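[1] Got a predicted model here, sequence first, then my questions.
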Amino acid sequence: MAFLLVQFLGGLAAGSVLFLVASGLSLIFGVTRIVNFAHGSFTMLGAYLAWSLTQRLGAVGWPGGGAGFGLAVLTAAATVGLVGAVMERLLLRRLYRSPELFSLLATFGVVLVLQDTTLALWGPEDLLGPRVPGFSGLVTILDRPFPVYDLVLIALGPLVLGLLWLLLYRSRWGTQVRAATEDREMMSVLGIDQGRLFSGVVMLGSALAGLGGALEVPREALTLHMGLTTIVEAFVVVVIGGMGSIPGAFLAALLIGELQAFGILLFPKITLVLVFLVMAVVLVVRPHGLLGRAHRTGHPGDGGQMPEPLPAAGRWGRVLGLTLLAALATAPWWTGDYGLIVLTDLAILGLFAASLHFLIGIAGLVSFGHAAYFGLGAYGAALATRHFALPMIPALAAAVLAAALGAALFGWFCVRRSGVYLAMLSLACAEILWSVAMQWTDVTGGDNGILGVWPADWAASRAGFYWLTLALATTTILTLRRLAFAPFGAALRAGRDSERRAASIGIPVRRHQWLGFVVAGTAAGLAGGLQAFAKGSVFPAVLGVTTSVDGLVMVLLGGLGSLAGPLVGAGAFQGLKGEIMRHSDLWQLWLGLIIIGLVLACPRGLTGLRRPGSPPPVPVPPAAAQRPNGFQDVPPWWGPGVTSLVADGPLLQVAALTKSFGGLRAVAGVTFHVRTGRMTALIGPNGAGKSTCFNLLGGQLRADGGSARLDGVELLGRTPQQVWRQGVGRTFQIAAAFSSLSVVENVQLVLLSSRRRLLHLWHPAPRLYRHQALSLLAAVGLAEQADRPCAALTYGDLKRLELAQALAHRPRLLLLDEPTAGMAPDERQALMALVRTLVDRLNLAVLFTEHDMDVVFGHADQVVVLNHGQVVADGTPAAVRASTRVQAIYLGPPP
Amino acid sequence: MTKLFRYLACASLVGCLALTAATARAAGPGAVDPIKVGEINSYTGLPAFTLPYRQGWELAVAEINAAGGLLGGRPLEVVSRDDGGRPDDAVRVAGELVASERVALLAGTYFSHVGLAVADFARHNRIPFLAAEPLSDALTWSQGNRYTFRLRPSTYMQAAMLVEQAAALPAKRWVTVAPNYEYGQSAVAWFKRLLTEKRPDVTFVGEQWPALGRIEAGTTVQALAVAEPDAVFNVTFGADLAKLVREGTQRGLFAGRSVVSLLTGEPEYLEPLKDEAPAGWIVTGYPGAQLTTPEHQAFREAYRARFHEEPRLGSVVGYTTFKAIAAAITKAGSTESEAVVDALAGLTLTSPFGPVSFRALDHQATMGAFVGRVAVTDGHGTMADWHYADGAAYLPTDEQVRTLRPAAAQH
């Protein structure tokens, strides 16, 4: 019993220190959305600084017992805070506008620089700090000795938590920090100076990291590996607790501390993987960690920049690519053996990076654990060779199969999370595999790996294996490229651009992402298999964090926006690293500085340099109002459409529809009908429940009760895809498009989805149904803009594009959420006239919400008025206009 | 502003590449054709251990060349590379050294897995490889091959040296603590097996397997203490060892108990502990300045004169490795791979620790280690009551070794 208590206290002490470090990381992420990879290095720096200071102050003779130590700790923490502020000022501040992941790359550069700086300043030897005078003794707890210093640490955790709470909830600065955490847009509204706030937060967070490191000095040996160990642990804590949540970090830190304290008693051999297993379980059960809330996190589209259309290789791109390929294919005649080794490595890494880019750049799934599939491939090949004595080609097939199965299993869980949580779940998967490889000595050889995996005789020569690698890598990369442009890839990109919108045009986003995950994992597996044969041996390191991080660095260095990016990145990273390693012991410093320089110089990666910042100017089309409605008649290719079974009854019957959010009844028993060939307006003041109604009908929200029958078929309880398949097209209140597709491709994608060809893998999506999409664009007056990027459209044109997309599926019912919001008055009239034409010609039913009463009463055949979630009036425009209740709602009670 | 940065970055990139090209060209062939040896080690991964090692071989190479080089005046040239602690990088640079630098043989490595990766590369490419520091038994036994030799005493040998001491202790209840990877696992396995062979009355009542570099020392010490052992066998090293010693000493784990510990007497591990070095532990290591044999005196004087510091164990290993390479090339009379391999098998030379030979049977050198107790003098950990345990005496019988080693690798 006493033993368990002491063990528990030991866990608390470890958890306390972990909390200090993790709270800083959480704070920085919560406000700046920067994944600060250098946080662990700051902890290391804090520890080394405190060590030096205690040496100095120790010579003075420890004034007042622990006071000297306390002074050293605080000075170290403050210094690290300043270093953090400098990093923010010089580096991070320039990156807030860049894709979020770029800060990760930049801070990775800082890690490398700090690593070698620490080595240069303090030397390579492990340092053991002095014990703290006055706190070096033991207390006896139930007859068991326990260090006094650990009690101090246990007290410090809650103390810092309390101080942080006071700072965040009882100061003006804290209010600003919380506002920025909750909603970034709020900051500008509140007039907060973003630069100063961010500097302050990064400084505070870094100081906490330094504090955690400094406090470890009396109980830890200081090593140059502290940084990486700490950052991984801190990430785990922050993710389990919930990104941005300080109390969550506290809870998670204690959990991890106790887990390790008791884990070594129960499972002494698997303490490391235990932590990752717990993280995986927590993330599967609670998507945002224990106390976290949903953030828009880690999405490549965040950070102020929308993804741009994927550039296809132009003529010069093709010429360049073919020339390069020809040069590579003839390499054995113009380079020596070593050149071939380097090129073989490059081909493998290029393939690995390309597969990761497919995941991040195309599918929008940011994985921190892509090494898992690379490693599965490597181990698959090695095990097939050594244990089953398979020849090389079948062994490579085994590699691909192993990776595909692994990706299918892990991917199923991973795609159900987003942002940083997805990243960390994927990392957990890789770490679990790593420890299996490390511990299952009988099969994997453990740390000593599997040796003797050399290529078959026919590919044994350097040139032979090089050609094999080049051929396989090139084929796979070209296939990935093909997939990215095929409907499969277009749908993946659409799911990344906007998941909600993609679901509303019938794309099964999760399933599609899962397939994308498997594709990327499979390609990585081939790279891993080739790596095994290239090196002749496989070790757990292939599954390690560094492999994943290297992959990320290559992809980001090259740039996410282009398919050539990962190849350029792999070449640059590997070339630089190899060359610098050959010539300098301080290669980490140089590599870090070069990475930082590149991030600052080309924040969109090396391939981003080539492209101008904004799309080239296109002649401005005539104002929308002057454009003729291109709509003539039902296009012949459109087919007969679905004829209503209920010949004369209403198409949509909504009855007693109910939805509550918490205690608020947003929609309280709404009943109305929508008829074919008519335009029905759903109006009401702000908060009346209009958009909620729309989202219930569209499947975006789940209703609490009631029914909504479309032609006799119940819509409630269906997913957005299913609702869409029933013939319901919709537009959203805030118009947007899939920004990585051009205008016409946006419509083509809906046509592809409508005809169930999203899994089409071969033909480029831009060539399929182009003619049909163009005629739809012509119908809404967008023909001239067909090939422009969506970012170039005016808001009104975006609304038209949405309408074209909704029409592409030949819907029976159109849900238009504020179709004319944000348009000029004459544009509004033109658009509504267009809708009227469509209704008449296509025999559609339209349900729309609208704030502009001129539009409502000028175009609707029927008006339903909502207030406080209930229908207060339902009838012809004239009848509704005359209703005193409606007048009371809009104009206030009569005098 | 961004433009400026862009230019700066491009300029630095170009500058870097230009520098590379320039240095690459500068390293052209000299007047006399040197004998090139490729050297690979984890210089950035483990600088505390590999830097003394590098100074050791630098001294050896300087002495060899000062004495007129090899094979009638050809200087020995070492092309040294960092493997960053990663086996795949090690194999890549091995390929570079062989293909591009045309080295006659490979040497070095610290980590066992890196050593094994290079050993397999050596087998595949038929190039001699003298592994300097890796301890894994697999290197000479289960994964042994014709082209690979190892200098340092293996895990088995060091464990056997300590078992001899442990068996003489009255302790019956033992606990073990070891890092959770192949080195720790096989050290504990051999220790248990060899000790129970000698002392059937001992029992192992607990074991802890902290992850390498991530020990939670306080809780681990508690967990060891709760088993109420008579003695502790420790395999942790480096930062883990420092924390274990501090927490264990503070919480009284070691009071009244014997501790037997692998490698702890090596200055690399003992020095950082300073006055907290665990006095009384029975360890393998290297007593440094106390060793007054003429071979060692000469080495130590030369080392101190050149680097102005005391040699560490790594220095001896680095020095002896390159002396062995020189001796093998001299014996072979050429730098041809098969000849060098044949020369290395059975090669005998004088190391700072005395005579050492590379067994033809399994390519393991008989270099030994010093066994003694840790003592603290003047605030520094040292070894006391030590003696030299010659490696040849701590190896299994030849029959046993033959069963351990693949048939293809045996002479």
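    All right, it came through fine. Numbers count the residues shown, from 1 in each chain, chains lettered A, B, ... in the order given.

[2] all contacts plus neighbour counts: C-alpha atoms, from now on.
    Noted.

[3] which stretches of the chain aren't confidently modelled?
    Here I'm looking at chain A. Chain A contains residues with pLDDT under 70 at A:58-65, A:99-100, A:183-190, A:294-307, A:609-648, A:891-895.

[4] other chain: chain B
    Using pLDDT under 70, chain B drops low at B:1-31, B:410-411.

[5] For A:Ala490, give its distance to A:His809.
    17 Å (CA to CA, to the nearest Å).

[6] more crowded one of these two?
    More crowded of A:Ala490 and A:His809, by other CA atoms under 10 Å in any protein chain shown: A:Ala490, with 28 against 25.

[7] who touches the helix or strand where the more buried one lies?
    Under the criterion of DSSP states H and E, A:Ala490 resides in helix A:487-497. Contact with helix A:487-497 is made by A:301, A:306-307, A:362-364, A:483-484, A:501-503, A:507, A:509, A:512-513, A:516, A:738-741, A:749, A:752, A:757-761, A:763-765, as judged by CA atoms under 8 Å, 6 or more residues apart in numbering or on different chains.

[8] Just confirm A:Asp797 is within a helix.
    Yes. Counting by DSSP: H, G, I helix; E, B strand; the rest coil, A:Asp797 is located in a helix.

[9] Now do the same contact list for residue 383.
    Went with chain A since none was named. Here A:Leu383 is in contact with A:Val443, A:Thr444, A:Ile450 (CA under 8 Å, 6+ apart).

[10] um, chain B though
    B:Met383 touches B:Gly265, B:Gly285, B:Tyr286, B:Pro287, B:Gly372, B:Arg373, B:Val374, B:Ala375, counting by CA under 8 Å, 6+ apart.

[11] residues near the closest residue to chain B within chain A, how many?
    In chain A, the residue that lies nearest chain B is A:Ala601 (4.1 Å; CA to the nearest CA). Neighbour count for A:Ala601, taken as other CA under 10 Å: 22.

[12] do you know how far it is from A:Val111?
    Counting by CA to CA - A:Ala601 and A:Val111 are separated by 19 Å.

[13] what does B:Leu76 give?
    B:Leu76 sits 38 Å away from A:Val111, taking CA to CA as the criterion.

[14] Next: A:Ser418.
    Relative to A:Val111, and taking CA to CA, A:Ser418 is found at 26 Å.

[15] Pull out the buried residues from the helix ranked longest in chain A.
    When chain A is parsed with DSSP state H, its longest helix is helix A:2-32. Neighbour counts over helix A:2-32 (16 or more other CA atoms under 10 Å in any protein chain shown) mark A:3, A:6-32 as buried.

[16] ok, back up a step: among the contacts of helix A:487-497, which lie within helices?
    Among the contacts of helix A:487-497, the members found in helices (DSSP H) are A:Leu483, A:Ala484, A:Arg501, A:Ala502, A:Ala503, A:Val509, A:His512, A:Gln513, A:Gly516, A:Leu749, A:Leu752.

[17] out of those residues, what pair is the most spread apart?
    Across the ones in helices among the contacts of helix A:487-497, the longest distance by CA to CA is 21.4 Å; it joins A:Leu483 and A:Arg501.

[18] Tell me which of those two has more neighbours.
    Remark: of A:Leu483 and A:Arg501, A:Leu483 carries more neighbours, 25 against 22, as counted by other CA under 10 Å.

[19] Would you check that that one makes contact with A:Ala765?
    No. The criterion here is CA atoms under 8 Å, and A:Leu483 misses it with A:Ala765 at 9.5 Å.

[20] which residues do those two both contact?
    In contact with both A:Leu483 and A:Ala765: no residue, using CA under 8 Å, 6+ apart.

[21] hang on, the earlier thing: of the ones in helices among the contacts of helix A:487-497, closest to A:Leu814?
    Closest approach between these and A:Leu814, by CA to CA: A:Arg501, at 14.9 Å.

[22] Please tell me how far that closest one sits from A:Ala491.
    Distance of A:Arg501 to A:Ala491, computed by CA to CA: 11 Å.

[23] what does B:Ala117 give?
    Separation of B:Ala117 from A:Ala491 (CA to CA): 43 Å.

[24] now B:Val371
    For B:Val371, the distance to A:Ala491 (CA to CA) stands at 68 Å.

[25] When those two are compared, which one has more neighbours?
    Between B:Val371 and A:Ala491, counted using other CA under 10 Å, A:Ala491 has the larger neighbour count: 31 against 26.

[26] now the helices for the stretch 301-450 of chain A?
    With DSSP state H, counting those that start in this stretch as the criterion, the stretch 301-450 of chain A has helices at A:315-329, A:331-334, A:337-357, A:371-386, A:392-414, A:419-439, A:441-444.

[27] got a markdown table for those, with distance to A:Gly200 too?
    Shown next, in a markdown table, are the helices of the stretch 301-450 of chain A (distance: least, CA to CA, whole Å):
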| stretch | distance to A:Gly200 |
| --- | --- |
| helix A:315-329 | 45 |
| helix A:331-334 | 53 |
| helix A:337-357 | 34 |
| helix A:371-386 | 35 |
| helix A:392-414 | 34 |
| helix A:419-439 | 23 |
| helix A:441-444 | 48 |
